[in-house]
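In: pasting the sequence and the predicted model now:
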Amino acid sequence: MEITLKRNNEHVHFTGTNSDGNSVQIDGSAQIGGEEKGMRPMELLLTSVAACSAFDVVSILKKQRQSLEDVLVKAKADRASEGDVKPFTAIHLTFEIIGEVHQEKAKRAVQLAVEKYCSVGASLNPDIPVTHETVFPVR
């Protein structure tokens, strides 16, 4: 795996591009010269945890032949408030499962995805708890 990170201005606006040519805009907060032209690095990390887990949930439910229509993941994170480095101190993922899906299978799929299969989550500091819940919106 390889990405290229290219600076776009004299501040902290970058474009990250993978080997397939797909790209993402990355920028910092205004206090460090950011111009709100992209996601911040910590937002990208949180997005990556959510996306990695969601990929696994979809895969597991497809293998179980569940009629999954959609998945929405809301990710929230707490960060250290003091110090030069402000890592995540906790992450919580809420999965909204939409479709004709057996609820216990969906809950188990989320558990396996977050706790066992997500490579991004496994790459985090093990001191950062990643919790999850599964909800089923009423249609």
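Out: The structure has been received and is ready for your questions.
In: list the buried ones in the helix ranked longest in the chain?
Out: Looking across the chain with DSSP state H, the single longest helix is helix 41-63. Neighbour-count burial for helix 41-63, counted by 16 or more other C-beta atoms under 10 Å, picks out 45-46, 48-50, 52-58, 60-61. No exception for glycine: its C-beta is placed from N, CA and C like everyone else's.
In: got a list of contacts for stretch 95-114?
Out: Stretch 95-114 is contacted by residues 53-57, 60-61, 64, 66-74, 93, 121, 130, 132-137, 139 when judged by C-beta atoms under 8 Å, 6 or more residues apart in numbering.
In: give me the buried subset of the residues you listed.
Out: Among the contacts of stretch 95-114, those classed as buried by 16+ other C-beta under 10 Å are 53-57, 60-61, 66, 68, 71, 73, 93, 121, 130, 132, 134.
In: ok, which pair from those is furthest apart?
Out: Gln66 and Val130 (23.3 Å; C-beta to C-beta).
In: if anything else comes up later, I'll come back, but that's it for now.
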